[in-house]
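Colleague: What follows is a predicted protein model with its sequence.
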Amino acid sequence: MTPTQKKSICWALPALLLSISLSASETAIQAAVDHPSRTPANTLRDQYRNPVSTLAFFEVQPDSTVVEISPGAGWYTEILAPLLHERGTLYAAHFPANSSSEYAQRTLASFQQKMAAHPIYSKVELTEFAASAGVQVAPDGSADVVLTFRNLHNWYMQGGDDAMRIAFNHFYRALKPGGVLGVVEHRLPEAQLDSDWTRSGYFPQSLAIELAEQAGFVFEASSDINANPKDTADHPRGVWTLPPSLRLGEQDRDRYLAIGESDRMTLKFRKPQQ
């Protein structure tokens, strides 16, 4: 073997190993997506939410320490819990237990019941998140990945730029140096920035990147995994006009079902190595 051939093999090996690693990761994520504990109604959303490609893009591995921010009813928790059950750690940062919101209390109680209903959730560590001071979503510097799905608009409606900065600061503290922040959110077209968008459920990608960078994150990549070019983001009841909410009921139902779920940005940020 010539020196040139040896050099070529040395260069090719890391790429081959990375390919094998990604393939193994996606296989593990697919097994979690197919786990029998998942709610059948939730699996119908897979075609819009693309969990295998999304979690692989965010570099989630079976041995990762992951923080899921504001998991709601647990759509992604149903996938993350079996994925991380054996070798990883999952923190579910839900509403604070002392929240004065009736909705928050009801949603948290329902999530706790879900976590108690199946052994696959026995290792999920319940923590708290609010876009305010004094909460800790996970021990500082402990997480490989922090994930948030379709939540930015909620924090912005409650507290504007300041709430968003506080939220991103929470995520930054929880991550290890080199850790990933993964964001999926309903995307507002930049051409609609001069409209009354703040309560539409959509959020500008440019503002999401700007506020994350202000917290110290480096914007690394975006993906069209969850893009939907059929969504014009200008519906009568905002994003909730579309499935799964369908706030208009039977009015134009077939039209909105044909559009499907919202157009979503999928953004990957990284906490710099220190």
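Modeller: Noted; the coordinates are in hand.

Colleague: Would you verify that residue 221 is located in a strand?
Modeller: Yes - applying DSSP: H, G, I helix; E, B strand; the rest coil, one finds residue 221 inside a strand.

Colleague: For it, which residues are in contact?
Modeller: 57, 267-268 (C-beta atoms under 8 Å, 6 or more residues apart in numbering). Using the backbone N, CA and C atoms, a C-beta is placed for each residue, glycine as well.

Colleague: Closest one to residue 87 out of these, please.
Modeller: Distance to residue 87, by C-beta to C-beta, is smallest for residue 57 among the contacts of residue 221, at 20.5 Å.

Colleague: picking up where we left off before, now, which of the contacts of residue 221 lie within strands?
Modeller: 267-268 (DSSP state E).

Colleague: wait, which of the contacts of residue 221 is closest to residue 161?
Modeller: The nearest one, if we look at those relative to residue 161 and count by C-beta to C-beta, is residue 267, at 17.3 Å.

Colleague: most surrounded residue in the contacts of residue 221?
Modeller: If you count neighbours using other C-beta atoms under 10 Å, the busiest of those is residue 267, which has 24 neighbours.

Colleague: Hmm, that residue is touching residue 182, no?
Modeller: Yes - the criterion here is C-beta atoms under 8 Å, and residue 267 meets it with residue 182 at 7.4 Å.

Colleague: quick revisit: got CSV for the contacts of residue 221, with distance to residue 64 and pLDDT too?
Modeller: Output for the contacts of residue 221, formatted as CSV (distance: C-beta to C-beta, whole Å; pLDDT from 0 to 100):
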residue, distance to residue 64, pLDDT
57, 14, 98
267, 18, 99
268, 14, 98
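
Colleague: any chance of the contacts of residue 221 in TSV, plus distance to residue 83?
Modeller: As requested, these are exported to TSV (distance: C-beta to C-beta, whole Å):
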residue	distance to residue 83
57	14
267	21
268	18
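
Colleague: Tell me the one of the contacts of residue 221 nearest residue 148?
Modeller: Closest approach between these and residue 148, by C-beta to C-beta: residue 267, at 10.1 Å.
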